[in-house]
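Undergrad: my questions concern the predicted model and sequence given below.
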Amino acid sequence: MTRESKKIWKIYAVGMIWFFGLLWPLLGIRDDGTLAVVKALSVWFYVFAGTLIILVLYLLHRRGTLQWVTKPLSAARERTASAAGVLPVWFWIAVVFAGALIFPQITNRYAQDVAINVLVYICLGLGLNIVVGLAGMLDLGYIAFYGVGAYTYALLSIHYHVSFWLALPVAAVFACIAGCIIGYPTLRMRGDYLAIVTLGFGEIVRIILNNWMALTKGPNGLLGIAPPAIYMPEFSGGFGFEVLYLKKLTPLYYLILGLAVVTVISVHRLNYSRIGRAWEAIREDETAAELMGVNTFKLKLLAYAMGAVFGGLAGAFFAARMRFVSPESFTFIESAMVLSMVVLGGMGSIPGIILGTIALIVLPEVFREIELYRMLAFGAAMSIMMIFRPKGLIPAKRVGMRSDEKEAGVVLGTPAGVD
Amino acid sequence: MSSEPLLELTNVSSAYGRIQALKGISLQVRAGEIVCMIGANGAGKSTTLMTICGIVKCREGDIRYQGASIRDVIPAQLPPLGLCQVPEGRRIFPRLGVDDNLEMGAFFRRDADIQKDKEHVYSLFPVLRERRKQRGGTLSGGEQQMLAIGRALMSRPKLLLLDEPSLGLAPLFVKKIFEIIQEINQKDGTTILLVEQNANIALQTAERGYVLETGRITMEDKARDLLTNPRIRQAYLGE
Amino acid sequence: MEFFIQQLINGLTLGGIYALIALGYTMVYGIIQLINFAHGEFFAAGGYMGVILLSYLASKGLMQTHPWICLGGSLVLAMTYCAFLAMAVEKVAYKPLRYASRLSILLSALGMSIFLQNGLMLTQGVYDKPYPSIFSQGGFEMGLIRVSYLQILIVAVTVVLLIGLNFLVYKSRIGKAMRATAQDKVMSALVGINSDRIISATFAIGAGLAAAAGIIMGLYYGSVRYDMGFLPGIKAFAAAVLGGIGNITGAMIGGLIIGMVEIFGAGYISGQYKDVFAFIILIAVLYFMPTGIMGENVDDTRV
């Protein structure tokens, strides 16, 4: 065993002991006066086994022992990548889109329900991506716009019987206004403060929704929201129109699919537009961008408001689909989940975010037993990803270094002797 | 006495972020000497000291102190070995008192002589004693420089690295500081490596000198010979 | 008038809790410029450890005979536990990102916050866990003002901890080293201060104080919950910013102010929106006076 691997084993052993020491008091000191070790040991053992396997694999990989597996694997990956590259990108997009179109025809209700969820979160993730991935601002209260959109449609539908289609732009406008109100004071702050202030605003919105009984009925929520209605031409007994309510899953699926496609196209166009380029400049080095004449404040506000708009649209759909809204759906946990989808998938990367969303929603559905540990895994995954793969599952293609990454490298130089 | 130099850099290259600052410099400092390094702004003088101390990573070459390599050492491990730097701009802890600043210089020490050493510093710099409870950031430039040197002395250094001690100081202060530098070297036997833009006073104080130009050592000689060297006089001594 | 004084006492108590939590935020931000989102979970973990230990001791009958010793012992043990917890989190989730972008470490902190909160939920359940009521009984009255012995205890413990911290930070060797590292990280390395150890110590101390606050919270409000760290965490951070981030005295004063504002706001303006006041202060401070009341204490050097 080399000296370095001995060091790693030592750190690992110490770490496992610490972990047990921290875990046991929570599980082992019981109210009835007994001191149990069993439960703590069993949890500890699972973690120990899992991390041990990973560590051994990692060490073997480093020593080169696993090459008989990794070499053919990476060769295969390269071959598929080049094979896929033969056909242009739009072909593959068309394939995916076609798959999405026929999806509801070949799957059951449960799968459609999950798919609708995924699509809603894709819209949210892409909207947040405008703020976080394109403009580089950490927003922890994004779900507030989702809530504004949802409640806007809810109130319009219940009190004024406004149709979904008319309410959609109104919801977008209200969300945009909310974005401007929140953005105006906060966008001048530096990054970490921005994060916590947006968190605060998100909470304020939730608290208002929860307490303004007259408007929102508080925690009871708003019932009786009308689903989207479309007029279908009807030919029995003369020409007329029949109202068709989109209550079933399949039409709702297509509706949200349409919304998601619109979002994807918009975000993609934005990314490669002049505005997107300005956002990238801000993201990479805000001071330099200012010096180049970029009006950073207006652009940041624009990013924030646009992200809000997409959130609001998704919110309106959510209200129309569930036909019931309550403040419980708009908590910080939701904001954190959307953020983790963006971050884990790859900030600024549309395919990455789609993949991240699918992974984070479908996996817990598939492995139902781990539902309990879903958020636990989220949290751990976030930290792990930041340490090992900060660019996400599918990194964004345009990779300029963030200005604070460059800064961080200079702060202490790159230090000698990291222990 | 060992013939090995106290500090030796061999072909050291280092980079600051993405800028290649030092390109293969080699120098030696023998025990008991005062050696200076002169050069223009941006030549890499501060980077040299920061590389020695491990703040800037040494990409190539080796740095040996007391015969052992300190290339990959953590910066905080050097003062216990007797290697201490007074960096550019003094960098005293602004919201700590004068007395506390000195204490921090002796942070790694566990022996009983700390108080005695503090008294010694106060006797070297009486004005600091008057201000001992004052916050470091409220001192004048000259007083801060004294405090910075005093703080370094608290570590009982064998090798003292000084980065532009004359920067921003009135000429009278500069003279005083350099007198003290010589005193430290002669009385306590402390080896000194100082980098300076003010080539005049540096070459007058030191025994040997190196000339640094855009990351490379272009000249090395006895200080008094550099003082009379026409090229040096033209470039650095304002003639 | 009595109402006012009563609110004053209540505000003092709550303010003390927020001050203890705010200290951890401010010390960590001062030294590595990180908003430790997981700090609220140290607060919650402390509260849980307190009730776990007290319940255990109660079942052993020790609470009947020596309730105050049990409380004291549990306090010390819970603070120690959270100190170790914080050091572990720092080593695992923050240290590897020491030279990464600010966004990365913030997200890692967020991840740790979610992880710890859910860890508490999975190990201790989703329901409130009640504290023994033995401590909350008794008090005395002055006219219409009621002061419970518990409130006096809380204020006393808070004062003791704050004085202790003050002594540690301003008079002790390690406290000065912490401040030096916060003011100039590079220079502190150059004088021989091992920043890794100092950073660990900072986390440990901050978490210990938060743990004490957690136990106090549990005693005062009667129970703890796995998500109790979320709102107090944000409010305490607001307090830290109000006082001047990195500034220890500022955090103490900020905490008291936020506590007072919350209690008075709830009493005189609106009980339902009491949580909003702290956020409003946070936003207002960051907009109008970002350096806070007493000034920041962070590394403002440029290499």
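TA: In hand now; what should we look at?
Undergrad: doesn't B:Glu8 make contact with B:Val35?
TA: No. With contact defined as Cβ atoms under 8 Å, B:Val35 does not reach B:Glu8; the gap is 11.6 Å. C-beta: built from backbone N, CA, C; applies to glycine.
Undergrad: quick one, which of these two is more surrounded?
TA: B:Val35 (24 against 19; other Cβ atoms under 10 Å in any protein chain shown).
Undergrad: tell me which element the more buried one falls in.
TA: Assessed by DSSP states H and E, B:Val35 sits inside strand B:34-39.
Undergrad: how far does that strand sit from the chain's center?
TA: 10 Å (Cα atoms, centre = their mean, to the nearest Å).
Undergrad: contacts for it, please.
TA: B:27, B:29, B:45, B:48, B:181-182, B:185, B:191-197, B:199, B:202-203, B:205-213, B:223, B:226, B:232, B:236 (Cβ atoms under 8 Å, 6 or more residues apart in numbering or on different chains).
Undergrad: pLDDT at the residue in chain B positioned nearest to chain A, what is it?
TA: Nearest residue of chain B to chain A: B:Val56, at 3.6 Å (Cβ to the nearest Cβ). Listed pLDDT for B:Val56 reads 88.
Undergrad: what's the neighbour count on it?
TA: Counted with other Cβ under 10 Å, B:Val56 comes out at 27.
Undergrad: may I see the buried residues of the host helix or strand of B:Asp225?
TA: Per DSSP H and E, B:Asp225 falls inside helix B:223-228. Neighbour-count burial for helix B:223-228 flags B:223, B:226-227 (criterion: 16 or more other Cβ atoms under 10 Å in any protein chain shown).
Undergrad: where does the prediction get shaky in the chain?
TA: You didn't pick a chain, so chain A it is. Of all residues in chain A, those with pLDDT under 70 make up the ranges A:1, A:232-242, A:244, A:397-419.
Undergrad: that was the other one, I meant chain B.
TA: For chain B (pLDDT under 70), the answer is B:1-2, B:17-18, B:20, B:239.
Undergrad: what does it put close to chain C?
TA: Residues of chain B lying near chain C by Cβ under 8 Å from any Cβ of the partner chain: B:53, B:55, B:74-80, B:84-85, B:87, B:91-96, B:100, B:103-105, B:107-108, B:151-152, B:155.
Undergrad: tell me the buried residues within those residues.
TA: By 16+ other Cβ under 10 Å, those give B:53, B:55, B:74-79, B:84-85, B:87, B:91-96, B:100, B:103-105, B:107-108, B:151-152, B:155 as buried.
Undergrad: of those residues, which belong to helices?
TA: Using DSSP state H, the subset of these located in helices is B:100, B:103-105, B:151-152.
Undergrad: now the residue positioned nearest the centre of chain B, nearest residue through space, not along the chain?
TA: Nearest to the mean C-alpha position of chain B, by Cα atoms, centre = their mean, lies B:Leu162 at 1.6 Å. Closest residue to B:Leu162 apart from its sequence neighbours, by Cβ to Cβ, 6 or more residues apart in numbering or on different chains: B:Leu194 at 4.0 Å.
Undergrad: can you tell me the SS state at the one you found?
TA: With DSSP: H, G, I helix; E, B strand; the rest coil as the basis, B:Leu194 sits in strand.
Undergrad: residues contacting the closest residue to C:Gly265 other than its chain neighbours?
TA: Leaving aside its sequence neighbours, C:Gly265 sits nearest to C:Phe277 (Cβ to Cβ, 6+ apart; 4.3 Å). Applying Cβ under 8 Å, 6+ apart, we find C:Phe277 in contact with C:258, C:261-262, C:265.
Undergrad: who wins for most neighbours among the residues you listed?
TA: Most neighbours among these, by other Cβ under 10 Å: C:Ile258, with 30 neighbours.
Undergrad: which of the helices or strands spans that residue?
TA: Applying DSSP H and E, one finds C:Ile258 within helix C:248-264.
Undergrad: near chain B at all, that helix?
TA: No. Figure legend: helix C:248-264 not in contact with chain B (Cβ under 8 Å from any Cβ); closest approach 10.9 Å.
Undergrad: now for that helix, which elements pack on it?
TA: helix C:2-32, helix C:149-171, helix C:230-243, helix C:274-288 (3 or more Cβ pairs under 8 Å, 6 or more residues apart in numbering or on different chains; DSSP states H and E).
Undergrad: a markdown table for these, including mean pLDDT and distance to C:Tyr220?
TA: Below are the helices and strands packed on helix C:248-264 laid out as a markdown table (pLDDT from 0 to 100; distance: least, Cβ to Cβ, whole Å):
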| stretch | mean pLDDT | distance to C:Tyr220 |
| --- | --- | --- |
| helix C:2-32 | 90 | 6 |
| helix C:149-171 | 89 | 6 |
| helix C:230-243 | 93 | 12 |
| helix C:274-288 | 87 | 15 |
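Undergrad: among those, which is nearest A:Leu140?
TA: When these are compared by Cβ to Cβ, helix C:230-243 sits nearest A:Leu140, at 10.1 Å.
Undergrad: could you tell me the angle between that closest one and helix C:274-288?
TA: Using axes from the mean of the first three to the mean of the last three Cα atoms, to 10 degrees, the direction of helix C:230-243 lies 30 degrees away from that of helix C:274-288.
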